[in-house]
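Asks: Let's see this in three dimensions:
(one chain, ligands or ions: 1)
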Amino acid sequence: MIKLAVFGDPISHSLSPAIHAEFAKQVGLAIDYIPIQASATEFADRFAAFVRQGGVGANITLPLKQLAFERADQCSPAATQAGAVNTLIKHNNIWLGENTDGIGLVADLQYHKVKLAGAQVLLIGAGGAARGVMPALLAAKVARVHVANRTPERAEALITHVIRHAPTTPLAQLSAGSLNAIPSSPFTVVINSTSSGLQGQSLTLPSRILTTQPFSYDMVYGEQPTPFMQWALNNNCPVADGLGMLVHQAAASFQRWTKATPDTAPVLLLLRKRLGLWSSL
Ligand code: NAP
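Replies: Residues are numbered from 1 along each chain as shown. Next up is the predicted model:
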């Protein structure tokens with residue numbers, strides 16, 4: 001039995017146990033994947049207990065991705081550049097830190113036929129998820145990323161970290177600021193990576209960022225459409241929720257723990273049916 005878990009706070013809403021159970025069924029592996037609630041102050045102790053019980057792999061969700069980066073003994077280039085870890089893998093008695101969020105986002109944007117090479121990207125939010133996707137966006141050769149966050153210092157720190165840990169490939173034009181100082185130059189892709197919807201709080205953004213009808217992607221999922229998607233739909237923009245990203249990033253984590261590659265399409269369809277979400281997305 002392969003012992004796995006997802007750590008986060010809150011965690012009861014997580015779809016990851018159901019996704020990984022489906023992947024395991026597909027490839028014929030026996031896994032035990034459980035949700036473990038842990039706040040930032042509880043994470044170290046709860047992760048240590050999981051390790052003592054034989055845990056060999058874990059997903060990490062909000063607000064723990066930066067703590068998981070610090071916990072990892074070694075990190076992949078993507079996790080290092082992000083400064084955030086969403087997947088921990090036990091390997092020869094050390095813990096490897098990986099970040100599969102970017103793989104998940106880019107795979108889902110490609111599924112939605114969004115052109116990333118040369119894209120002008122507005123990334124809203126500067127938490128663990130935003131950090132996680134930056135390396136993959138840059139690797140996809142976007143032309144520019146502006147990070148806008150409620151706490152602008154966190155957006156600036158994200159950009160500084162990415163530049164400091166950049167590989168030798170040329171970087172896109174990077175900038176950062178607050179939610180009420182978003183540049184007026186047009187964006188082709190707008191990504192909401194804030195957890196505002198999760199907390200039932202609304203996100204107030206200037207509608208001018210949607211005048212060029214950018215592809216508007218909400219990393220959040222569950223409510224359909226999400227408030228961010230509804231706002232973008234009201235402004236005639238193409239939209240998608242983050243369920244596809246969730247399933248793709250999960251598949252990349254599963255592959256790293258088990259070496260087996262699951263098929264994401266039937267699992268995504270199953271989840272959409274189960275949750276009663278738009279089947280066309
Ligand atoms: P996090 O590290 O806690 O960061 C939360 C971010 O949301 C920060 O930028 C925070 O701004 C911002 N925020 C929170 N409440 C806000 C509000 N009321 N108004 C404006 N901004 C607000 O969380 P995370 O790990 O980045 O996750 C963020 C979201 O992405 C979550 O909803 C998560 O479920 C989703 N996510 C989805 C996937 C997927 O596969 N689809 C993967 C990863 C994450 P401050 O810095 O100012 O606090």
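
Asks: For the closest residue to the ligand within the stretch 151-281 of the chain, which non-adjacent residue is spatially closest?
Replies: Evaluated by C-beta to the nearest ligand atom, the stretch 151-281 of the chain has residue 242 as its residue closest to the ligand, separated by 2.8 Å. Bear in mind the C-beta positions are built from the backbone N, C-alpha and C, glycine included. Excluding its sequence neighbours, the residue lying closest to residue 242 (C-beta to C-beta, 6 or more residues apart in numbering) is residue 219, at 3.9 Å.

Asks: Ok, residue 206 next?
Replies: The shortest distance from residue 206 to any residue other than its chain neighbours is 6.3 Å, reached at residue 182 (C-beta to C-beta, 6+ apart).

Asks: For burial, what's the neighbour tally of the one you found?
Replies: Other residues lying near residue 182 total 19 when counted by other C-beta atoms under 10 Å.

Asks: Near the closest residue to the ligand within the stretch 51-200 of the chain, how many other residues are there?
Replies: In the stretch 51-200 of the chain, the residue that lies nearest the ligand is residue 127 (1.9 Å; C-beta to the nearest ligand atom). Around residue 127 there are 20 other residues, counting by other C-beta under 10 Å.

Asks: wait, doesn't it sit right on residue 194?
Replies: Yes. Checked against C-beta atoms under 8 Å, the pair residue 127 and residue 194 is within contact range at 7.3 Å.

Asks: Now do the contacts for the residue nearest to residue 242.
Replies: Contacts for residue 219 (C-beta atoms under 8 Å, 6 or more residues apart in numbering) come out as 105, 129, 191, 192, 193, 242, 245.

Asks: Dump those to TSV, plus distance to residue 95 and pLDDT.
Replies: Below are the contacts of residue 219 laid out as TSV (distance: C-beta to C-beta, whole Å; pLDDT from 0 to 100):
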residue	distance to residue 95	pLDDT
105	24	98
129	21	92
191	29	98
192	31	97
193	25	96
242	26	95
245	24	98
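
Asks: Show me the residues you listed that map onto strands.
Replies: Secondary structure from DSSP state E places 191, 192 of the contacts of residue 219 in strands.

Asks: Is the residue of the stretch 151-281 of the chain closest to the ligand in contact with residue 224, as I believe?
Replies: No. Using C-beta under 8 Å, residue 242 is not in contact with residue 224; the gap is 11.4 Å.

Asks: neighbour count winner among the two?
Replies: Remark: of residue 242 and residue 224, residue 242 carries more neighbours, 23 against 15, as counted by other C-beta under 10 Å.

Asks: roughly how far out does the longest helix along the chain sit from the chain middle?
Replies: Across the chain, the helix with the greatest residue count (assigned by DSSP state H) is helix 243-258. Centroid displacement of helix 243-258 relative to its chain, using C-alpha atoms, centre = their mean, to the nearest Å, is 11 Å.

Asks: pull the CA atoms of it into PDB?
Replies: Provided in PDB are the C-alpha atoms of helix 243-258 (Å, rounded to 0.1, in the frame of the first residue of the first chain):
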ATOM      1  CA  LEU A 243     -10.600  21.900 -12.400                       C
ATOM      2  CA  GLY A 244      -8.500  20.900 -15.400                       C
ATOM      3  CA  MET A 245      -5.400  22.400 -13.800                       C
ATOM      4  CA  LEU A 246      -6.100  20.400 -10.600                       C
ATOM      5  CA  VAL A 247      -6.400  17.100 -12.500                       C
ATOM      6  CA  HIS A 248      -3.300  17.700 -14.600                       C
ATOM      7  CA  GLN A 249      -1.200  18.800 -11.600                       C
ATOM      8  CA  ALA A 250      -2.400  15.700  -9.700                       C
ATOM      9  CA  ALA A 251      -1.400  13.400 -12.600                       C
ATOM     10  CA  ALA A 252       2.100  14.900 -12.600                       C
ATOM     11  CA  SER A 253       2.400  14.300  -8.800                       C
ATOM     12  CA  PHE A 254       1.000  10.700  -9.200                       C
ATOM     13  CA  GLN A 255       3.600  10.000 -11.900                       C
ATOM     14  CA  ARG A 256       6.400  11.200  -9.700                       C
ATOM     15  CA  TRP A 257       5.300   9.000  -6.700                       C
ATOM     16  CA  THR A 258       4.400   5.800  -8.700                       C
END
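
Asks: Noted, bye for now.
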